[in-house]
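Novice: sharing a model that was predicted from the sequence below.
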Amino acid sequence: MDPRMDNTLSRKDKLTGATVPVGFDFTWHMRRLCEHICNDVPEMHHIDMCRVAISFSQARKSVRHGLHASLTPMRFEGGAETGERNGTEYRAQRLYDATGMEMLYILRFYLPRFQNEPFGEKLTTIFHELWHISPQFDGDLRRHEGRCYIHSQSEAEYDAHAAR
């Protein structure tokens, strides 16, 4: 049995080597779910979850509205490490896991807001965020035509597509 499935055991922290009690490892379970989605849903086969960091943040208020999850790209348009805006050049910060593998995205869940969603809405939220990942899996976001290049012209239509 995987130790993350048993609350009575301790484990060694990979980074510090310290022995820590094992509780519910939210990020590990979310990673397993996302890996399952990416393996089983053809539109998500391009996603390598080994290059997506999973994180959580505490929502300031336990209200229904507001962010439930977010996806942060670690590259600029087209996977570029630098981007320019208003004549100023910016460089993408790089993020590595404990083994030295570079992460191209950060998928963050806002708790307890995300946990308080009904099950179907949780799945829609996960699909919504994974759908933002560029088909080229280059650290950039999926881009749509026009001014509203992240969610297209209608976020409601984008969510309806994610719910399918």
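Specialist: Thanks, I have the structure now. What you see is a predicted model, and the numbers here were worked out from it, not measured in a lab.
Novice: hey, let's count contacts and neighbours off CA atoms from now on
Specialist: Will do.
Novice: and residue 11, helix, strand or coil?
Specialist: When classified by DSSP: H, G, I helix; E, B strand; the rest coil, residue 11 comes out as strand.
Novice: could you list the low-pLDDT ranges of this structure?
Specialist: Counting by pLDDT under 70, the chain has low-confidence residues at 1-8, 14-16, 61-64, 144-164.
Novice: the helices in it, which residues?
Specialist: 26-40, 119-131, 155-163 (DSSP state H).
Novice: the ones you listed: which one's closest to residue 79?
Specialist: Closest of the helices of the chain to residue 79 is helix 119-131, at 16.4 Å (criterion: Cα to Cα).
Novice: send the alpha carbons of that closest one over as PDB?
Specialist: This file holds the C-alpha atoms of helix 119-131, laid out as PDB (Å, rounded to 0.1, in the frame of the first residue of the first chain):
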ATOM      1  CA  PHE A 119     -18.000  16.900  -7.500                       C
ATOM      2  CA  GLY A 120     -19.000  17.700 -11.100                       C
ATOM      3  CA  GLU A 121     -17.800  21.300 -10.800                       C
ATOM      4  CA  LYS A 122     -14.500  20.100  -9.400                       C
ATOM      5  CA  LEU A 123     -13.900  18.000 -12.500                       C
ATOM      6  CA  THR A 124     -15.000  20.900 -14.700                       C
ATOM      7  CA  THR A 125     -12.500  23.200 -12.900                       C
ATOM      8  CA  ILE A 126      -9.700  20.600 -13.400                       C
ATOM      9  CA  PHE A 127     -10.500  20.200 -17.100                       C
ATOM     10  CA  HIS A 128     -10.800  24.000 -17.500                       C
ATOM     11  CA  GLU A 129      -7.300  24.500 -16.100                       C
ATOM     12  CA  LEU A 130      -5.700  21.600 -18.000                       C
ATOM     13  CA  TRP A 131      -7.300  22.900 -21.300                       C
END
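Novice: list the buried ones in it?
Specialist: 122-131 (16 or more other Cα atoms under 10 Å).
Novice: follow-up on the earlier one: for the helices of the chain, give me TSV that also has distance to residue 82.
Specialist: Shown next, in TSV, are those (distance: least, Cα to Cα, whole Å):
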stretch	distance to residue 82
helix 26-40	28
helix 119-131	23
helix 155-163	28
